[in-house]
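Trainee: Structure, please.
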Amino acid sequence: MDLSQIKEHLPVYAEGPGGLSGASDTHIGNIDSVEGGKYIKLTKNNAPDGQHHWFPIDWVRAVDERAVYLKKTVNEVIEELLNEQPAGV
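Mentor: Next up, the predicted model:
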């Protein structure tokens, strides 16, 4: 996987609820930036609370020219997204 393909404004998709095989991926936001080579920052326009959120880059399972795909379910993402900029970024 080529992480340099992670570009501003690409949509981010989590696995369908419960990680069900064949379940459609769910849009969780768009890329704002990659920070410190370790975290991805989501734009605040897509967030229900209007705030930026971050997640570790190791959540990424695939990237292509159209989107970033996570190896977490949408429920896991909702529970584990960071609401504050990670330390050291």
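
Trainee: Run a quick neighbour tally on residue 74.
Mentor: Neighbour count of residue 74, defined by other Cβ atoms under 10 Å: 20. All C-beta spots, glycine's among them, are computed from the backbone N, C-alpha and C.

Trainee: How about residue 63: what's its closest non-neighbour residue?
Mentor: Nearest non-adjacent residue to residue 63, counting by Cβ to Cβ, 6 or more residues apart in numbering: residue 5, 4.4 Å away.

Trainee: buried residues in the longest strand belonging to the chain?
Mentor: Secondary structure of the chain per DSSP state E: the longest strand is strand 26-35. Within strand 26-35, the residues scored as buried using 16 or more other Cβ atoms under 10 Å are 26, 28, 29, 30, 31, 32, 34.

Trainee: One more: stretch 34-50?
Mentor: For stretch 34-50, the neighbour count (16+ other Cβ under 10 Å) marks 34, 39, 40, 41, 42, 43, 47 as buried.

Trainee: so what's the second one up against?
Mentor: The one in question is residue 39. Contact analysis of residue 39 by Cβ atoms under 8 Å, 6 or more residues apart in numbering lists 54, 55, 56, 57, 82, 86, 89.
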